[in-house]
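Peer 1: with the sequence up front, the predicted model follows.
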Amino acid sequence: MSERVWPVRVTVVPYALLAFLTAVTVLVRRTDTRAMLVDLALCAAAALWMLLMFTLRPARRERYGPMVVFITGFVLILAVLVVRDSWFGFLTPAGYFYAFVLLPWPSRLAGVAAVALVAGTAQAYDIPKTDAFGLLAYVAVLGVNVVGMCLAAWLGWRSDVLSRQRQEAVDALTETNRRLEVTMAENAVLHDQLVTQAREAGVHDERHRMAREIHDTLAQGLTGIVTQLQAAEHAADWRRHVTAAVGLARESLTEARRSVDALRPQPLQTATLSEAIADVVGRWSALHGIDVQLATTGTPRVMTPEAEAGLLRAIQEALANVAKYAQATRVGVTLSYMEKEVALDVRDDGIGFDPSRRTASTGGGFGLVAMRQRIEALNGTLEIESEPGSGTAISASIPMTAAGAPA
């Protein structure tokens, strides 16, 4: 606090005014030595009071109690001087300076009003106060001084409050801008991280998609070709098996191209889902000589391309597993359009297996994994029920949110 730069009007001007008025007193009172000595003693008292209570005590200037005592004493000395000699009214600006600078609100009003009373007394020094008119004029002068200076004090306080509020708003805005810059920098870092993660996730998803598509097209097609060629080695009508192998090769090549381009499977290009499943089931039954019973229940719905492709790939994978592993004689396929979901069930009377032991490292494991990934990517579920010697049942269901209006 002692390092605060105090305004000249409270550190220098009061002494300058007092020195000037002391010189005036000597000139005016030079013929009245007694009165002059009293006035000079009062001027000295005022100077010592300012020196001891304010100038030499910078640590007290911010303390409310000492400053109230200082200003009260100064106003009392000033009042005595004004009563004796009216020209000491020119010292009242020093009192205003002290009250405005040293007193907080609302104590500032009392200090300003006290100094205004002294100033009004000096201004009304020559007004006769022996009659009612004179007293009324004296009170009017006092009122003008008190009201005017108190109003000025209030306006100054309001200005200080508004200035402080503006500064607080500026400080708050500056802090907000600083935090916003920090947040934007953090968001930029997070954005870069998200872009990197999204890129990596896209690459990962595309790899899985290609793996599923390769399995559903090339792997199944090659398996069918191998099966037909092996059958041709021991069959009299080998040409039929070779023709079937060639057909499988062509279909697999077409599906592989469509998978690379991320297009819908060919059976869904010109047919509904139920018709495409019927076509797949019919060709598979004719190719492998296994009886398949197909049933469709409920009102068929137009589904999203992804949902239809997922169910079509599911029936293809399920039938491929039956041909490779089940040794079944009968297969049942049911496509069910229900109120809240669409379900595809595939059942066979084959040798079955233990689902808990079937992994991607064993035969057919990746096909089941790919099937589950496809269905779960559509918020669906895939359930597999099987045990050795009791056949297998696979159920894939997709919520109706993936379907549209009735077909």
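Peer 2: Yep, it's here.
Peer 1: let me know the pLDDT of the closest residue to residue 46 other than its chain neighbours.
Peer 2: Taking Cβ to Cβ, 6 or more residues apart in numbering, and ignoring the residues beside it in sequence, residue 46 has residue 77 as its nearest neighbour in space, at 4.8 Å. Backbone N, C-alpha and C define where each C-beta goes, glycine included. Looking at residue 77, its pLDDT is 95.
Peer 1: tell me the buried residues in the strand or helix carrying residue 77?
Peer 2: Assigned by DSSP states H and E, residue 77 belongs to helix 64-84. For helix 64-84, the neighbour count (16 or more other Cβ atoms under 10 Å) marks 66, 67, 70, 71, 74, 75, 77, 78, 79, 80, 81, 82 as buried.
Peer 1: all strands for this structure, in order.
Peer 2: Using DSSP state E, the strands found in the chain span residues 291-297, 301-303, 330-337, 341-348, 381-386, 392-399, 403-406.
Peer 1: mean pLDDT for these - can I get that in JSON lines?
Peer 2: As requested, those are exported to JSON lines (pLDDT from 0 to 100):
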{"stretch": "strand 291-297", "mean pLDDT": "93"}
{"stretch": "strand 301-303", "mean pLDDT": "80"}
{"stretch": "strand 330-337", "mean pLDDT": "94"}
{"stretch": "strand 341-348", "mean pLDDT": "94"}
{"stretch": "strand 381-386", "mean pLDDT": "92"}
{"stretch": "strand 392-399", "mean pLDDT": "94"}
{"stretch": "strand 403-406", "mean pLDDT": "47"}
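Peer 1: one step back: ok, of the buried residues of helix 64-84, which one's closest to residue 348?
Peer 2: Relative to residue 348, the closest of the buried residues of helix 64-84 is residue 67; by Cβ to Cβ it sits at 101.4 Å.
Peer 1: which residues touch the residue lying closest to that closest one once chain neighbours are set aside?
Peer 2: Among residues not flanking residue 67 along the chain, residue 102 sits closest, at 4.4 Å (Cβ to Cβ, 6+ apart). Contact analysis of residue 102 by Cβ atoms under 8 Å, 6 or more residues apart in numbering lists 10, 61, 67, 70, 71.
Peer 1: now render those as CSV, adding pLDDT and distance to residue 150.
Peer 2: Converted to CSV, the contacts of residue 102 look like this (pLDDT from 0 to 100; distance: Cβ to Cβ, whole Å):
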residue, pLDDT, distance to residue 150
10, 89, 20
61, 87, 23
67, 93, 19
70, 94, 21
71, 94, 15
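Peer 1: point out where the stretch 101-250 of the chain drops to low pLDDT.
Peer 2: Where the stretch 101-250 of the chain drops to pLDDT under 70, the residues are 205-206, 208-220.
Peer 1: mind doing that once more with 80?
Peer 2: For the stretch 101-250 of the chain, the stretches flagged by pLDDT under 80 are 129, 202-242, 244-250.
Peer 1: can you give me the helices in it?
Peer 2: Secondary structure of the stretch 101-250 of the chain (DSSP state H, counting those that start in this stretch): helices at 107-123, 132-214, 220-233, 238-260.
Peer 1: how about these in a markdown table, adding mean neighbour count and distance to residue 349?
Peer 2: Shown next, in a markdown table, are the helices of the stretch 101-250 of the chain (neighbours: other Cβ atoms under 10 Å; distance: least, Cβ to Cβ, whole Å):
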| stretch | mean neighbour count | distance to residue 349 |
| --- | --- | --- |
| helix 107-123 | 21 | 102 |
| helix 132-214 | 12 | 28 |
| helix 220-233 | 17 | 20 |
| helix 238-260 | 16 | 24 |
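Peer 1: what about those helices, which gets the closest to residue 338?
Peer 2: helix 132-214 (26.0 Å).
Peer 1: by contact count, what packs against the closest one?
Peer 2: For helix 132-214, the packing partners by 3 or more Cβ pairs under 8 Å, 6 or more residues apart in numbering; DSSP states H and E come out as helix 92-102, helix 107-123, helix 238-260, helix 365-377.
Peer 1: tilt between the third one and helix 132-214?
Peer 2: Meaning helix 238-260. Put simply, helix 238-260 runs at 160 degrees to helix 132-214, going by axes from the mean of the first three to the mean of the last three Cα atoms, to 10 degrees.
Peer 1: check the shortest one too.
Peer 2: Taking the same axes, to 10 degrees, one finds helix 92-102 and helix 132-214 inclined to each other by 30 degrees.
Peer 1: then the last one?
Peer 2: Put simply, helix 365-377 runs at 150 degrees to helix 132-214, going by the same axes, to 10 degrees.
Peer 1: for helix 365-377, what is the distance to the chain centroid?
Peer 2: Offset of helix 365-377 from its chain centre (Cα atoms, centre = their mean, to the nearest Å): 38 Å.
Peer 1: who's the residue lying closest to residue 353 once chain neighbours are set aside bridged to?
Peer 2: Distance criterion Cβ to Cβ, 6+ apart; nearest residue to residue 353, sequence neighbours excluded, is residue 386 at 5.5 Å. With DSSP bridges applied, residue 386 shows beta-bridge pairing to residue 392.
Peer 1: residue 386 and residue 119: what is the separation?
Peer 2: Distance of residue 386 to residue 119, given as Cβ to Cβ, to the nearest Å: 108 Å.
Peer 1: now swap in residue 104 and tell me
Peer 2: As for residue 104, its distance to residue 119 is 22 Å (criterion: Cβ to Cβ).
Peer 1: same check on residue 340?
Peer 2: Going from residue 340 to residue 119 by Cβ to Cβ gives 91 Å.
Peer 1: quick one, grab the pLDDT at the residue nearest to residue 308 when sequence neighbours are not counted.
Peer 2: Using Cβ to Cβ, 6+ apart and skipping the chain neighbours, the partner closest in space to residue 308 is residue 273 (4.7 Å). Looking at residue 273, its pLDDT reads 87.
Peer 1: with the one 10 residues further on instead?
Peer 2: pLDDT recorded at residue 283 is 85.
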